[in-house]
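**Student:** sequence first, predicted coordinates after that:
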Amino acid sequence: MLCIPLVSAALFGAARPPSITESAKEPVRCVGAEQPDRRFYDGALRHAVGVHHFQALRANRSHPPEGGKKGWTYNHQPYLAYWNGRFFLQYLSNPIEEHVPPGRTLVMTSMDGRNWSAPRIVFPETRLPENQQGGVFIPESRYSVMHQRMGFYIAPNGRFLTSGFYGITDTPRTAPNNGRGLGRVVREIRRDGSFGPIAFIRYNRHAGYDESNTSYPFYRTNPDKGFVEACDSLLNDKLMTLAWWEEDRAEDGFYTIPLDGKEPKAPCFCRRPDGTVLAVWKGQWSALSPDNGNTWTPLVRSKTLMDCNAKVWIQPTGDGRYALVYNPSATRRNRFPLAVMTSDDCRDFSGLLCLDGEVPPMRYQGQNKNLGPQYVRGIEEGNGEPPGDFLWIAYSRNKEDIWVSRIRIPVAGSVAEHADENFDDIRDASELDFWNLHVPEWAAVSIKDDGSEKGSRYLELRDADPYDYALAERAFPESRNVEISFRVRLQRPGTAVLDVEVQDGRGKRPMRLRLDSNWLMMDAGKVEPEPIAVAPKTWISLRLSMDCRAQKYDLCVDGEWVRKEIAFADSAATLERIIFRTGPYRMDVRSLILDGEPGMPGTYQEDLPGADRPADPSVYWIDDFKTR
């Protein structure tokens, strides 16, 4: 056996970036030859190791988690914060599609980032002033829509604010961030979980809106001096308010970024090792500030940052480095995969890895609904630090579900040691440091106890989602020859069968097994070996001997080598991960038209049937996993 290590050099602190003068012409660069393969949802990129994805919100038309008679299925633009010992997640929502009113903003909370509360409306739908109500034949046009580029703010006095923007759209093609909206509202989230009153922190006075014709008062009229002080601090923070410009667009001197005719949108900011602030907007724009956002270098475009007009996120990581998360796609309509690059100096980013390449079917139709995990945001500087060495991000998937991911630090695309795991010392799935997990709300991945005196534990995949699956992926050192063994139990086989695949770093699948209630089946490409009978609710021991030189593998079941020299279904020079999945392979995107699409995918489909109710659950157990 030959193992090929892929371990990056140890890092002893961030390097100093070039001076502002030297780097102002290109403040951020993506370097290296790595490019995603557009034929695959994960870009055929090597996967970052130890990434756990949790579905915080599953949109539901008929059984809405947010309450009400009818669920809203356009959910997008999430934000994260960590305050008072818990995570806070904010997102905006419309009934069906983007830019079509009414709109509102909701907030969810979590103690661990994995299990989330039901959403609560923090900024409800609001009627427009009578003289601004358009669309005589469309009653919904009498309402505003929400649009925000900033979600949370922890003030120096400890007050915790959430913020949003009430915008106006005349048609589905009218963006609400064009300076015509009502203005930006703010609200306190109290320590007991209650919300303070809504107030405008900044009216769009130049567009004709003020105290006389809007639904909420100006923040300074609030008798709570601590709330007013927190709002004043926010207004004086040029970095936190940097993202307000595109919705506001006032020319009163409030904004300091030199526009020069440009329209930068959705910025994030990060402090470089030398203290200089780097800001990156959608559309490849970036600039530098030496004084916390009071002055900026000219906006310039980074030609190497292919962001497909979705958001980009940059932040420091606990190992003294920096992470850049974005959708490296050459097409503006399809936003996949969600990928990460890292940097020592917060200028040159390299080592492109896939963070999330899962693209389940879009369940609900709607205009302007892009496919993929998109519009990523982490925790902004000053908005809290969760415990542990992890990078936390939030994003929407297909503009209908909200997801949160926990990324292991240091960010890496490989492991140095083989696996030897019986799960007995693992309390819950959060401790699976070298596993990648995809955990929909109705398809759990968890650690269970068998109830015996020994207290043996195992990994459970449970799936009741009719259009998604549970997935557990384990990396091992890149190898030309590898032996893999594990036990599997078909505890409750159902419509969601268990797929097991061994893959190389680019997603080639030379070994494919499928287990249902009666059979273990092998996919060898053009020739399928005879299936092997298996029994449910019984532990089955499997052992695989993989040989990339011969392009074949042997299969041992319960101590007997039942199949020898099974041809690889895909050719692979090396192998480095195994995947357990309660659903069929869906990473190949070649059937999707990538160029010349007639419009957004969500407009050219019907709602998928049966999406609002869980299916009969399928349950599979995995134990004693080893590679060598």
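**Tutor:** Right, received. Where do you want to start?
**Student:** where in the protein is pLDDT low?
**Tutor:** Applying pLDDT under 70 to the chain flags the ranges 1-14, 131-141, 330-332, 590-601.
**Student:** domains in it, as residue ranges please.
**Tutor:** Per automatic domain parsing, the domain ranges recorded for the chain read 26-408, 420-627.
**Student:** okay, these in JSON lines with distance to residue 18 and mean neighbour count next?
**Tutor:** In this view, the C-beta of every residue, glycine as well, is placed from N, C-alpha and C. Below are those laid out as JSON lines (distance: least, CB to CB, whole Å; neighbours: other CB atoms under 10 Å):
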{"stretch": "domain 26-408", "distance to residue 18": "7", "mean neighbour count": "20"}
{"stretch": "domain 420-627", "distance to residue 18": "32", "mean neighbour count": "18"}
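**Student:** is it possible to get a markdown table of those domains that adds distance to residue 15?
**Tutor:** Listed next are the domains of the chain as a markdown table, based on distance: least, CB to CB, whole Å:
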| stretch | distance to residue 15 |
| --- | --- |
| domain 26-408 | 4 |
| domain 420-627 | 27 |
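**Student:** between those domains, which one is closest to residue 19.
**Tutor:** When the domains of the chain are compared for distance to residue 19 using CB to CB, the nearest one is domain 26-408, at 8.1 Å.
**Student:** end-to-end on that closest one?
**Tutor:** The first residue of domain 26-408 is 29 Å away from its last residue (CA to CA, to the nearest Å).
**Student:** what of stretch 240-256?
**Tutor:** Distance between the boundary residues of stretch 240-256 (CA to CA) amounts to 12 Å.
**Student:** repeat for stretch 463-474
**Tutor:** For stretch 463-474, the separation between the terminal residues is 19 Å (CA to CA).
**Student:** next one: stretch 37-45
**Tutor:** Its start and end residues considered, stretch 37-45 measures 8 Å (CA to CA).
**Student:** relative to residue 458, how far out is residue 65?
**Tutor:** Between residue 65 and residue 458 the distance is 30 Å, computed by CB to CB, to the nearest Å.
**Student:** what do you get for residue 196?
**Tutor:** For residue 196, the distance to residue 458 under the criterion CB to CB works out to 47 Å.
**Student:** cool, and residue 412?
**Tutor:** Counting by CB to CB - residue 412 and residue 458 are separated by 27 Å.
**Student:** go on, residue 608?
**Tutor:** Counting by CB to CB, the separation of residue 608 from residue 458 is 33 Å.
**Student:** with residue 39 instead?
**Tutor:** 36 Å.
**Student:** cool, residue 542 as well?
**Tutor:** The value you get for residue 542 to residue 458, if CB to CB is used, is 14 Å.
**Student:** please apply the same query to residue 442.
**Tutor:** For residue 442, the distance to residue 458 (CB to CB) stands at 21 Å.
**Student:** beta partners of the residue most central in space within the chain?
**Tutor:** For the chain, the residue lying nearest the average C-alpha position, counting by CA atoms, centre = their mean, turns out to be residue 395 (4.0 Å). On DSSP bridges, the residues paired with residue 395 through beta bridges are residue 403.
**Student:** that one and residue 377 touch, don't they?
**Tutor:** Yes: taking contacts as CB atoms under 8 Å, residue 395 lies within contact range of residue 377: 7.2 Å.
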